[in-house]
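Visitor: Pasting a predicted model and its sequence here:
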Amino acid sequence: MKDGTVATDGPTVVLADFAAGLSFDDLPPAVVAHLKLAVLDGLACCLHGATLPWTRMVADLVDADGGTPEASLIGMLRMVPVANAVLVNATAGHAFEMDDIHRDAITHPNSIAVPVALNMGERLLGTRRAGVPGALVLTAMAAGYEVACRVGAAAGTDLLLRGFHPQGTVGPLVAAATAARMMGLDAAATANALGIAGSLGAGLMAAQEGAMVKRLHSGRAAEAGVRGAELAAKGFTGISDMVEAEYGGFLAAFAGTANIDRAVQGLMPGQDMQWEVLNTGFKPHATVTSIHGALDALRAVMTDNDLAAEDIAGITAHVSHATYVHCAWPYKAQSITAAQMNLYYGLAVIALDGEAFTAQFTDDRIKDPKVLSFIDRIQAETDPDIDAQGPGARHMARVTVRTKDGRELSHTERNRRGSPENPVSAADLERKYDALATPVLGAAKAAKVKAFVADLDKADDIRPLMNLLTA
């Protein structure tokens with residue numbers, strides 16, 4: 001595909017062909033239903049994230065840039081150029097650790113795909129008389145999910161353990177495929193969009209221990225993908241074998257491996273399509289997903305045995321090696337980001353409060369002496385038996401509680417609540433949406449957004465939705 005012409009049938013081209021050729025009629029009902037929930041959940045995350053200081057700083061930055069007002073800042077009262085809009089909105093979507101998660105890709109697609117699809121749709125509204133249908137938004141999101149989650153899964157935990165943040169590295173592929181499909185780019189241009197965006201990804205996991213910049217990785221990924229699609233539409237070329245190149249390709253550079261089969265799984269002739277959309281789960285806790293299994297296990301021990309925090313003498317969390325490296329570093333009350341990423345803090349607030357949601361992650365709570373004192377009762381260790389079950393058990397956890405009256409109680413959580421194997425209900429997600437969206441939009445507007453998204457596949461135009469999303 002050098003000089004803009006397709007020259008191989010490697011994974012990059014296969015993925016681009018799939019994304020460019022995807023139509024709404026190709027989407028099974030279960031995929032459509034899941035994507036509508038992903039939109040509702042993603043909008044909830046964006047709306048709550050829009051209120052947070054790190055998102056506001058990015059919004060102020062793009063305000064100072066000026067430019068053509070073509071796309072909305074979700075939860076705010078202004079419009080900016082589309083690349084700036086997705087920079088802000090995807091930062092907001094990832095701003096509080098509540099966006100969805102594809103376990104094998106370690107990526108949160110909806111915080112990127114939702115704002116990219118909607119903001120690109122707004123740009124289209126400015127260039128044509130016809131409306132932008134909800135079916136196009138869902139189709140473009142499906143393209144973003146399917147392309148990026150396959151590549152991210154091919155990289156797997158190796159990418160994470162090498163110190164890269166999947167949201168910043170895999171995320172541009174979500175955005176590029178979503179934006180390219182919204183623009184109706186052909187397969188060659190879509191491949192170029194992926195080849196550009198894949199070269200622009202970045203994000204260091206050290207950001208999790210206190211820096212605001214972790215949130216920005218998602219926004220920058222969205223911006224990179226949109227820019228990649230825009231440039232590809234003009235004939236600008238990207239890396240033709242971006243995914244599979246032996247030297248400097250995505251898998252070789254970020255993961256050190258080339259799991260080509262996983263990158264194109266279900267897309268090759270003769271294979272049954274396995275939708276990665278359906279392998280994406282939602283988050284009931286406002287924390288990194290890797291610790292959800294441990295949080296669920298502790299809650300189960302306490303509920304099943306009618307325990308209160310004051311009954312607990314000690315807690316041991318047995319987790320995978322990846323989770324231990326990712327989340328079991330000594331807790332210091334340096335930031336909300338760090339608290340949300342830390343196993344010990346998460347277990348402490350579950351023990352003390354029974355939940356780990358927005359109220360548990362405030363500037364006062366993360367340094368509360370009562371929480372810090374309880375953390376002294378918690379320890380964690382890598383469990384070889386969990387690791388022996390392979391990457392699919394990465395979120396598995398076994399928690400042992402020692403009570404002050406001498407009992408030892410354990411619970412093993414194989415599949416965290418909210419995972420595809422242990423899903424939350426649509427009603428659960430609606431309650432999460434209400435809790436996050438209502439304070440921003442007000443009850444009446446929030447209810448109208450929820451009703452619109454429920455019938456998004458039937459909507460002739462997304463304009464009413466975008467009008468509702470400005471607070």
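Guide: Alright, I've got the coordinates.

Visitor: so where do the strands sit in the stretch 101-250 of the chain?
Guide: 101-102 (DSSP state E, counting those that start in this stretch).

Visitor: Please save the CA atoms from stretch 57-74 in PDB.
Guide: Output of stretch 57-74 as PDB, limited to C-alpha atoms (Å, rounded to 0.1, in the frame of the first residue of the first chain):
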ATOM      1  CA  MET A  57      -8.000  22.400  31.700                       C
ATOM      2  CA  VAL A  58      -8.000  20.700  28.300                       C
ATOM      3  CA  ALA A  59     -11.200  22.500  27.400                       C
ATOM      4  CA  ASP A  60      -9.700  25.800  28.300                       C
ATOM      5  CA  LEU A  61      -6.700  25.000  26.100                       C
ATOM      6  CA  VAL A  62      -8.800  24.300  23.000                       C
ATOM      7  CA  ASP A  63     -10.900  27.400  23.700                       C
ATOM      8  CA  ALA A  64      -7.800  29.400  23.400                       C
ATOM      9  CA  ASP A  65      -7.000  27.800  20.100                       C
ATOM     10  CA  GLY A  66     -10.300  29.000  18.500                       C
ATOM     11  CA  GLY A  67     -11.200  27.700  15.100                       C
ATOM     12  CA  THR A  68     -14.300  26.500  13.300                       C
ATOM     13  CA  PRO A  69     -17.200  25.600  15.800                       C
ATOM     14  CA  GLU A  70     -18.200  22.300  14.300                       C
ATOM     15  CA  ALA A  71     -18.500  19.800  17.200                       C
ATOM     16  CA  SER A  72     -19.800  19.900  20.700                       C
ATOM     17  CA  LEU A  73     -18.000  19.700  24.000                       C
ATOM     18  CA  ILE A  74     -20.200  17.200  25.800                       C
END
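
Visitor: contacting residues around that stretch?
Guide: 43, 46-47, 50, 76, 78-82, 84-89, 91-92, 115, 118-120, 122-123, 126, 212, 216, 219, 466, 469-470 (Cβ atoms under 8 Å, 6 or more residues apart in numbering). For the C-beta atoms, the positions are set from N, CA and C on the backbone; glycine is no exception.

Visitor: What subset of the residues you listed is buried?
Guide: The neighbour-count criterion (16 or more other Cβ atoms under 10 Å) marks 43, 46-47, 50, 76, 79-82, 84-89, 91-92, 115, 118-120, 122-123, 212, 216, 219, 466, 469 among these as buried.

Visitor: which residues sit in contact with the closest residue in space to Val424 that isn't next to it in sequence?
Guide: Closest residue in space to Val424, ignoring its immediate chain neighbours: Gly418 at 4.9 Å, by Cβ to Cβ, 6 or more residues apart in numbering. Applying Cβ under 8 Å, 6+ apart to Gly418 gives the contacts 281-284, 292, 424.

Visitor: Same question for Pro391.
Guide: 104, 156-157.

Visitor: same check, this time on Met205
Guide: Contacts of Met205 were listed using Cβ under 8 Å, 6+ apart, and they are 160, 163-165, 326.

Visitor: rerun that using 7 Å as the cut-off
Guide: By Cβ atoms under 7 Å, 6 or more residues apart in numbering, the contact set of Met205 is 160, 163-165.

Visitor: center of the protein - which residue?
Guide: Centroid check for the chain by Cα atoms, centre = their mean gives His108 as the closest residue, at 1.3 Å.

Visitor: Any figure for the gap between that residue and Arg56?
Guide: Distance, His108 to Arg56, by Cβ to Cβ, to the nearest Å: 21 Å.

Visitor: and if you look at Asp376?
Guide: Distance of Asp376 to Arg56, computed by Cβ to Cβ: 35 Å.

Visitor: Repeat that for Ser111.
Guide: To Arg56, Ser111 is 17 Å away according to Cβ to Cβ.

Visitor: Look at the two and report which has more neighbours.
Guide: With neighbours defined as other Cβ atoms under 10 Å, Ser111 and Arg56 compare such that Ser111 has more, 34 against 17.

Visitor: Quick check: chain neighbours aside, which residue is closest to that one?
Guide: Gly93 (2.9 Å).

Visitor: so that neighbour touches His217, yeah?
Guide: No - taking Cβ atoms under 7 Å as the definition, Gly93 is not a contact partner of His217, at 11.5 Å.

Visitor: the more surrounded of the two?
Guide: A side-by-side neighbour count of Gly93 and His217, using other Cβ under 10 Å, places Gly93 first with 36 against 25.

Visitor: Kindly list the main-chain dihedrals of Val80?
Guide: phi -140, psi 170 (degrees, to the nearest 10).

Visitor: Tell me the pLDDT of it.
Guide: For Val80, the pLDDT comes out at 97.

Visitor: What distance do you get for it to Leu465?
Guide: The value you get for Val80 to Leu465, if Cβ to Cβ is used, is 18 Å.

Visitor: secondary structure class for the residue in the chain sticking out farthest from the centre?
Guide: Outermost residue of the chain with respect to the C-alpha centroid, by Cα atoms, centre = their mean, is Asp405; its distance is 41.8 Å. Under DSSP: H, G, I helix; E, B strand; the rest coil, the three-state class of Asp405 is coil.

Visitor: pLDDT score assigned to the closest residue to it other than its chain neighbours?
Guide: Leaving aside its sequence neighbours, Asp405 sits nearest to Asp311 (Cβ to Cβ, 6+ apart; 7.5 Å). For Asp311, the pLDDT comes out at 98.

Visitor: burial measure for Asp311, as a count.
Guide: 15.

Visitor: Could you chop the protein up by domain?
Guide: 2-284+447-468, 289-413 (automatic domain parsing).

Visitor: Out of the ones you listed, which is the most enclosed?
Guide: Compared across these, domain 2-284+447-468 shows the largest average neighbour count, a mean of 22 (mean count of other Cβ atoms under 10 Å).
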